[in-house]
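[1] okay, here's the prediction I keep looking at, along with the sequence it came from:
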2 protein chains.
Amino acid sequence: MAVTIETRRQQIENAASALFRERGYAATSVRDIAQALNLQGGSLYAHVASKEDVLWSIVSRAADRFQADVGPLAQWDTPAPARLRQMITAHVAVVTSEQRDAVVFLHEWRFLSHDRREQMAGRRDAYEALFRKVIGDGVESGDFARIDPRMSAMAILSSLNGIASWYRRDGELSAEQISERYAAFFLRALACAPTA
Amino acid sequence: MAVTIETRRQQIENAASALFRERGYAATSVRDIAQALNLQGGSLYAHVASKEDVLWSIVSRAADRFQADVGPLAQWDTPAPARLRQMITAHVAVVTSEQRDAVVFLHEWRFLSHDRREQMAGRRDAYEALFRKVIGDGVESGDFARIDPRMSAMAILSSLNGIASWYRRDGELSAEQISERYAAFFLRALACAPTA
DNA sequence: CCTACCGATCGGTAGG
DNA sequence: CCTACCGATCGGTAGG
């Protein structure tokens, strides 16, 4: 068993992430976060500059994970269907393994300051573009039907992100089973000839 | 032009819905709502019992709309593919025409009191069951491939609900175009023979 | 990291 | 529907 050494800062971020996920950012007080670590409210400020700073750290590290785990797969020169399948699998893996941060990333980022929100919006758009690209590639190569890459990328990502809202580690389906089924489902939608 | 007569209560709910959507329930104060109607903070309480009561009204009327517009379609005895297509179209129509309430319904319902939250969870599950049912019917009849109705219903609804987060009334695609494309996309996923 | 505190704001109420 | 107010809590700071 690897022992993870958490700095105080990381402990704060983890406790905050759990609370932000459960109650939402705005409904969580700095005293709630402090209490989770058996600290006094004001003591947090020895480690963080502001409550919003903690949110920024959580949202940033979630964005980093998606980018690090999915981004490289999008660059491969493999056929679009196989490439998209890998991207879906990796995205679901982040959503399920980093569920706590992922939920905060998806739902609480609007509480960031204007500048940070804009910055994160840019990263999100670049990430979505990876999916638009691979779908567009598949349409061009004839592997996919002539669908709208923009719309189908949104449809797919909305579905995959939705998993963060209902996935349970002790549920019936493992993360691998879920990603396999979602990938099969969406690849059928893209690769099949249109009916009627 | 039909003139809509709004009661004060409805004005409050509409102003609150807009604010809850923009800032979130927890970050919206009763004074914010009052200010939007040129009232003093305390004056709201001549019309509503509590802030949470206003949220409940908004969430309830959104749930009512989904149930009223989609529910009956699920009862038809038409073939599953046509029935699901109608349900998707109707769901997207509610999401886009009642976007403000829909966003609040989808994102802010967790701020309801315990009892009301439970009640709404029940309604949501019954609603999702309509989609599971029609998909299950399609699998049984052979119109759909042998997929998991539970998973595909979640995938579809997550996607359709995601539309509430990006749809713009002045955007490139009309609500009708969107629902048409989403319906075609998902019906392909369900109705096509599996690839590889 | 604690104690003690700051001004601001919160949801809600009394009385008119 | 307003004025004036309630106790509670908010994010954050000073000084140790």
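    Looks like it arrived, so ask away. Note that the structure is a prediction, hence the values are computed from the model and not measured.
[2] pLDDT score assigned to residue A:194?
    Per-residue confidence at residue A:194 stands at 51 (pLDDT).
[3] kindly report the same for residue A:53.
    Predicted confidence (pLDDT) at residue A:53: the value is 98.
[4] for the residue nearest in space to the middle of chain A, which residues are in contact?
    In chain A, the centroid-proximal residue (Cα atoms, centre = their mean) is residue A:102; its distance is 4.5 Å. If you count contacts by Cβ atoms under 8 Å, 6 or more residues apart in numbering or on different chains, residue A:102 has them with A:62, A:94, A:95, A:161, A:164. Placement of C-beta: from N, CA and C, glycine included.
[5] any idea which of those residues is the one closest to residue B:185?
    Residue B:185 lies nearest to residue A:161 out of the contacts of residue A:102, by Cβ to Cβ, at 16.9 Å.
[6] so how far is residue A:91 from that closest one?
    To residue A:91, residue A:161 is 8 Å away according to Cβ to Cβ, to the nearest Å.
[7] just residue A:162 next, same as before
    Distance, residue A:162 to residue A:91, by Cβ to Cβ: 12 Å.
[8] who's more crowded, the two?
    Higher neighbour count among residue A:162 and residue A:91: residue A:91, with 26 against 21, using other Cβ atoms under 10 Å in any protein chain shown.
[9] my guess is the more buried one contacts residue A:160. True?
    Yes. In this structure, residue A:91 is within contact of residue A:160 by Cβ atoms under 8 Å, at 5.2 Å.
[10] say whether DNA strand D is contacted by stretch A:19-29.
    Yes. Using Cβ under 7 Å from any atom of the strand, we find that stretch A:19-29 touches DNA strand D at A:28, A:29.
[11] what about that stretch, start to end distance?
    From its first residue to its last, stretch A:19-29 covers 9 Å (Cα to Cα, to the nearest Å).
[12] is that stretch anywhere near DNA strand C?
    No. Shown here: stretch A:19-29 not in contact with DNA strand C (Cβ under 7 Å from any atom of the strand), separated by at least 9.8 Å.
[13] give me phi/psi at residue A:147?
    Dihedral angles of residue A:147 (phi, psi; degrees, to the nearest 10) stand at phi -100, psi 170.
[14] just residue A:47 next, same as before
    Taking degrees, to the nearest 10 as the convention, residue A:47 sits at phi -120, psi -20.
[15] residues near it, how many?
    Counted by other Cβ under 10 Å, the residues lying close to residue A:47 total 17.
[16] does it touch residue A:15 like I think?
    No. At 11.6 Å, residue A:47 and residue A:15 do not qualify as touching, with contact defined as Cβ under 8 Å.
[17] many thanks, we can stop here.
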